[in-house]
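Student: predicted model and sequence below, questions to follow.
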Amino acid sequence: MRRELGQSFWGDLGDLCSAVGRAMRITFINFFRKPVTVHYPDVQRAYPDRFRGVLALTYDKETGEENCIGCRLCEYICPPQVIKVEMLKAEKRNFAKVFTLELYACEFCELCVQVCPTDAIIMMKSFDMSTSDRRELLLDKDRLHQIGLQFEPSWATGNLLRDMQTPPKAPRADAAEPSAKAAGPGPKPGGAAE
Ligand code: SF4
Ligand code: SF4
C-alpha cells in the first residue's frame, strides 16, 4: 500500500535525501558538459544564410546610388502595413522620397524582400536592435540604409528568391526534334510489324 506524506518521519527524510541525491547527480553531470550558451554580445553565433533578421535598404555597389525606386510594391504586400513609401519622380529613374518602416510591428515574413524588383530592401543576419523605447524602432530611410551597411546581409534578395521559385522551363519542341529524327520513324498506326 502507498505510504501517505508525513506518515513516517524517517520515510519522508529518506525520500528527501533520495531526491536531493538525484538532483545533485544531474548537476554533477552537467558540470563537466561543454556549455551550449554563448557570451552574447561578446561572442556571436554564426547565423544561417537564410536568417530573417532586421530589415535594411541597400545602395548600388557600383554607382553608390540608392537601389529603391519608390515603386511601393513592398508597401502594398506588407500584411501588417508597416511600410510607408512616397515616390520621388526624377529624370532617369525614380527614388523613395520618404521610406519608413515600423520594425516593432514587423512580422519578419520576408514578403517585402520577395517582391522588391531592385533588391533594395533586404534582411540582415542580425536581430541586435533591442531597446526599451519603441520610437527607436520606427526606422526612416537613412536609418535603414545605415543598418544595411552595419550588418551582414542575408542570402535572400528579391531577384534570387524569384529565380529560386521559378519552375524549370519545359524543353522546346524544336530542341527535342533531332533526337526524335535520330530514333527513326515510329510504329505505324495499328502497330502491325512488316
Ligand atoms: S517582413 Fe513582412 S511584415 Fe515585415 S515589413 Fe516586410 S512585408 Fe512587412
Ligand atoms: S524597397 Fe523595393 S519594393 Fe519597396 S519601394 Fe523600394 S524598390 Fe519598391
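Tutor: Arrived safely, thanks for sending. Numbering: from 1, shown residues only. Ligands and ions are numbered 1, 2, ... in the order given.
Student: burial check on the closest residue to residue 105 other than its chain neighbours, number of neighbours?
Tutor: Nearest non-adjacent residue to residue 105, counting by CB to CB, 6 or more residues apart in numbering: residue 82, 4.8 Å away. Every residue, glycine included, has its C-beta placed from N, CA and C. For residue 82, the count of nearby residues is 20 (other CB atoms under 10 Å).
Student: quick check, residue 82 in contact with residue 109.
Tutor: No - using CB atoms under 8 Å, residue 82 makes no contact with residue 109, being 10.7 Å away.
Student: could you give the number of residues near residue 55?
Tutor: Counted with other CB under 10 Å, residue 55 comes out at 23.
Student: how about it, phi and psi?
Tutor: phi -90, psi 150 (degrees, to the nearest 10).
Student: now do residue 114
Tutor: As for residue 114, its main-chain torsions (degrees, to the nearest 10) stand at phi -60, psi -30.
Student: repeat for the one 3 residues further on
Tutor: Torsion angles at residue 117 (phi, psi; degrees, to the nearest 10) stand at phi -70, psi -20.
Student: what's around it, how many residues?
Tutor: Applying other CB under 10 Å, we find 12 other residues in the vicinity of residue 117.
Student: how far away is it from ligand 1?
Tutor: Counting by CB to the nearest ligand atom, to the nearest Å, the separation of residue 117 from ligand 1 is 15 Å.
Student: give me the most central residue, this protein.
Tutor: In the chain, the residue lying closest to the centroid (CA atoms, centre = their mean) is residue 52, at 2.5 Å.
Student: report the secondary structure state of that residue.
Tutor: coil (DSSP: H, G, I helix; E, B strand; the rest coil).
Student: surely it and residue 154 touch.
Tutor: Yes - assessed by CB under 8 Å, residue 52 is found in contact with residue 154 at 6.8 Å.
Student: list residues touching both of these two?
Tutor: Common neighbours of residue 52 and residue 154 (criterion: CB atoms under 8 Å, 6 or more residues apart in numbering): residue 123.
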